[in-house]
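K.L.:
from the sequence below, what's the structure:
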Amino acid sequence: MKIIVTGGAGFIGSALIRFLIRETDCEVCNLDKLTYAGNPESLKEVSDSERYRFEQLDICDTTGVVGLFNEIRPDAVMHLAAESHVDRSIDKPLEFVQTNVMGTANLLQCALAYWQVLPEERKKGFRFQHISTDEVYGSLGKEGLFEETTPYDPKSPYSASKAASDHLVRAWGHTFGLPVLLSNCSNNYGPYHFPEKLIPLVILNALDGKALPIYGKGDNIRDWLYVEDHARALWLINRKGVPGETYNIGGRNERTNLEVVQTICRILDELRPKTSGSYADQITFVADRPGHDRRYAINADKLRRELGWEPKEDFDSGIRHTVEWYLNNDWWWRPIRERKYAGERLGKGVK
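P.N.:
From the prediction side, this is the model:
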């Protein structure tokens with residue numbers, strides 16, 4: 001198979017490409033614009049593979065995308081390219097609309113034109129796979145889980161832009177017959193995660209002796225999914241998923257933000273103890289961000305029942321692997337902290 005992965009230099013995209021090169025015989029073309037969060041170093045271990053290729057390209061560039069489709073002749077597109085940080089969407093919402101909405105629409109139209117002239121057998125096998133988020137469903141109360149049928153209720157510019165892209169993908173499938181697959185995942189974590197997100201930010205701030213900021217009371221709840229489990233799920237959906245269907249992917253690992261930070265501190269206390277005190281002494285509660293969703297939790301029973309997926313990591317094992325990786329791989333994260341993002345507060349409002 002030949003696969004185009006969009007956003008393959010990002011966190012989830014790079015995990016997917018590493019999996020595909022390591023575990024399959026697919027040829028993979030990584031289409032990535034290389035915004036601030038795109039990092040080719042995340043693909044260092046596969047960059048020498050004859051089955052891996054990188055193209056720096058914006059998904060909004062129609063001419064470039066069409067040319068790449070015609071050159072690669074892919075059997076599938078796995079679409080992960082997106083602006084994805086809620087805090088940044090509060091500061092610069094139109095960038096999220098441009099990439100997540102207009103970029104997805106452009107990619108769909110390019111894929112449709114390519115697919116429509118394929119030989120019949122290749123048309124049947126082609127897949128346009130769109131990777132989305134559970135945040136499109138809005139916020140849960142104390143009880144209940146997000147189902148594939150949960151009505152959309154996005155609350156942030158980020159989740160609204162992803163909801164729009166989901167609707168576009170379904171529309172291209174329904175109206176034009178493009179064989180589309182969708183998935184909505186819970187919060188990912190693991191190696192190579194850009195350090196603006198909670199878990200890597202806390203790990204690196206702790207090591208640097210900085211404050212560990214927690215929004216509000218730290219009682220917002222997220223369902224955590226180890227990124228390599230997500231990559232396996234995406235490949236399974238690509239191979240066995242039914243076109244037109246949506247699959248929720250979640251780890252069933254609900255934790256409050258405060259519990260996540262306290263767990264990281266305990267692991268760091270064990271693996272790299274401070275000369276005095278605990279890393280938990282650095283915890284600081286800060287003003288909550290605007291529109292902060294209370295709780296996310298995914299029901300992934302459909303994925304388990306119909307496609308046979310099971311996560312290999314629970315939160316306790318996954319978070320330990322993650323902390324250990326950051327302790328042992330400062331070659332990857334230190335240049336980011338020094339040149340791109342040093343841990344400053346984001347999401348205070350449009351500037």
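K.L.:
contacts for the helix ranked longest in the chain, please.
P.N.:
Of all segments of type helix in the chain, defined using DSSP state H, the longest is helix 157-176. With CB atoms under 8 Å, 6 or more residues apart in numbering as the test, helix 157-176 has contacts from 82-86, 88-90, 93, 96-97, 99-101, 104-105, 108-109, 112, 128, 130, 132-133, 135-136, 138, 152, 154, 178-180, 182, 184, 243-244. Quick note: C-beta positions are derived from backbone N, CA and C, even for glycine.
K.L.:
among the residues you listed, which lie within strands?
P.N.:
Among the contacts of helix 157-176, the members found in strands (DSSP state E) are 128, 130, 132-133, 180, 182, 184.
K.L.:
helices of the stretch 101-250 of the chain, start to end?
P.N.:
104-116, 120-125, 157-176, 198-207, 227-240 (DSSP state H, counting those that start in this stretch).
K.L.:
turn these into CSV, columns for mean neighbour count, mean pLDDT and distance to Pro74.
P.N.:
Formatted as CSV, these follow (neighbours: other CB atoms under 10 Å; pLDDT from 0 to 100; distance: least, CB to CB, whole Å):
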stretch, mean neighbour count, mean pLDDT, distance to Pro74
helix 104-116, 20, 98, 8
helix 120-125, 10, 96, 10
helix 157-176, 20, 98, 16
helix 198-207, 23, 97, 31
helix 227-240, 21, 98, 12
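K.L.:
thinking again about what came up before, show me which of the contacts of helix 157-176 are buried.
P.N.:
Among the contacts of helix 157-176, those scoring as buried are 82-86, 88-90, 93, 96-97, 99-101, 104-105, 108-109, 112, 128, 130, 132-133, 135-136, 138, 154, 178-180, 182, 184 (criterion: 16 or more other CB atoms under 10 Å).
K.L.:
pretty sure Leu108 is touching Leu178, no?
P.N.:
Yes - between Leu108 and Leu178 there is a contact at 7.1 Å, judged by CB atoms under 8 Å.
K.L.:
between those two, which contacts overlap?
P.N.:
128, 172.
K.L.:
Throw the helices of the stretch 101-250 of the chain into a markdown table and include distance to Met1, thanks.
P.N.:
A markdown table is the format used below for the helices of the stretch 101-250 of the chain (distance: least, CB to CB, whole Å):
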| stretch | distance to Met1 |
| --- | --- |
| helix 104-116 | 15 |
| helix 120-125 | 9 |
| helix 157-176 | 20 |
| helix 198-207 | 32 |
| helix 227-240 | 9 |
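K.L.:
can you tell which of the ones you listed is closest to Lys302?
P.N.:
Closest approach to Lys302 among those is made by helix 227-240 (10.6 Å; CB to CB).
K.L.:
what does that closest one contact?
P.N.:
With CB under 8 Å, 6+ apart, helix 227-240 has contacts from 11-12, 15-16, 18-20, 23-24, 76, 78, 127, 129, 131, 181, 183, 185, 188-193, 247, 249, 251, 303, 307-309, 311-313, 318.
K.L.:
now stretch 98-107
P.N.:
Against stretch 98-107 from outside (CB under 8 Å, 6+ apart): 6, 58-62, 65, 77, 79, 81-83, 130, 158, 161-162, 164-165, 168-169.
K.L.:
low-confidence ranges in this protein?
P.N.:
The chain contains residues with pLDDT under 70 at 341-343, 345-351.
K.L.:
any idea how far Arg305 lies from Trp325?
P.N.:
32 Å (CB to CB, to the nearest Å).
K.L.:
with neighbour numbers in mind, choose between those two.
P.N.:
The neighbour comparison of Arg305 against Trp325 (other CB atoms under 10 Å) goes to Trp325, with 17 against 9.
K.L.:
that's a helix at the more buried one, yeah?
P.N.:
Yes - Trp325 forms part of a helix when assessed by DSSP: H, G, I helix; E, B strand; the rest coil.
K.L.:
thought it was touching Ile199?
P.N.:
No - counting by CB under 8 Å, Ile199 is not a contact partner of Trp325; they are 11.0 Å apart.
K.L.:
what is the neighbour count of Val46?
P.N.:
Quick note: Val46 (other CB under 10 Å) scores 18 neighbours.
K.L.:
please name the residues that touch the residue lying closest to it once chain neighbours are set aside.
P.N.:
Leaving out its chain neighbours, the residue that sits closest to Val46 by CB to CB, 6 or more residues apart in numbering is Ile21, at 4.2 Å. For Ile21, the contact set (CB under 8 Å, 6+ apart) comprises 28, 46, 49, 51-52.
K.L.:
okay, those in CSV with distance to Arg339 and secondary structure next?
P.N.:
Shown next, in CSV, are the contacts of Ile21 (distance: CB to CB, whole Å; DSSP: H, G, I helix; E, B strand; the rest coil):
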residue, distance to Arg339, secondary structure
Val28, 27, strand
Val46, 24, coil
Ser49, 27, coil
Arg51, 31, coil
Tyr52, 25, strand
